[in-house]
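Chemist: Model the following, please.
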Amino acid sequence: MSKHEWREPAEDGDVRLVTATRQSARWTLRSRLKSESEWTEHQPIDLDDLESLREVLWNKHQRRRVPYEFIGEIDRLIDAAREDRGQ
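Modeler: Numbers count the residues shown, from 1 in each chain. You can find the predicted model right below:
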């Protein structure tokens, strides 16, 4: 299992905590605001979150912490999300 975490600013000035997990070639993502205690599971994963995850993985790949295979998987998910959106 591979776990990746990052923080990003939310619209209301709070901080959004995001956790992406890869287990058995399946990606899951959950998030919460720092002020909340409950995590929200995102299924399917939103395009913006996939793009943020790809950036996090790319940075880790540059430091040789993540295999390029993970980036390819996320790229395929991004392409599928864009097709669903009609872009």
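Chemist: and stretch 36-49, how far apart are its ends?
Modeler: Stretch 36-49 has its terminal residues 19 Å apart, counting by Cα to Cα, to the nearest Å.
Chemist: Show me which positions of it end up buried.
Modeler: Ile45, Leu47, Asp49 (16 or more other Cβ atoms under 10 Å). For the C-beta atoms, the positions are set from N, CA and C on the backbone; glycine is no exception.
Chemist: Quick check: the gap between the closest residue in space to the second one that isn't next to it in sequence and Trp58.
Modeler: Distance criterion Cβ to Cβ, 6 or more residues apart in numbering; nearest residue to Leu47, sequence neighbours excluded, is Ala81 at 4.3 Å. Distance of Ala81 to Trp58, computed by Cβ to Cβ, to the nearest Å: 17 Å.
Chemist: pLDDT at the residue nearest the centre of the chain, what is it?
Modeler: Geometric centre of the chain, nearest residue: Leu53, 3.5 Å, by Cα atoms, centre = their mean. Listed pLDDT for Leu53 reads 98.
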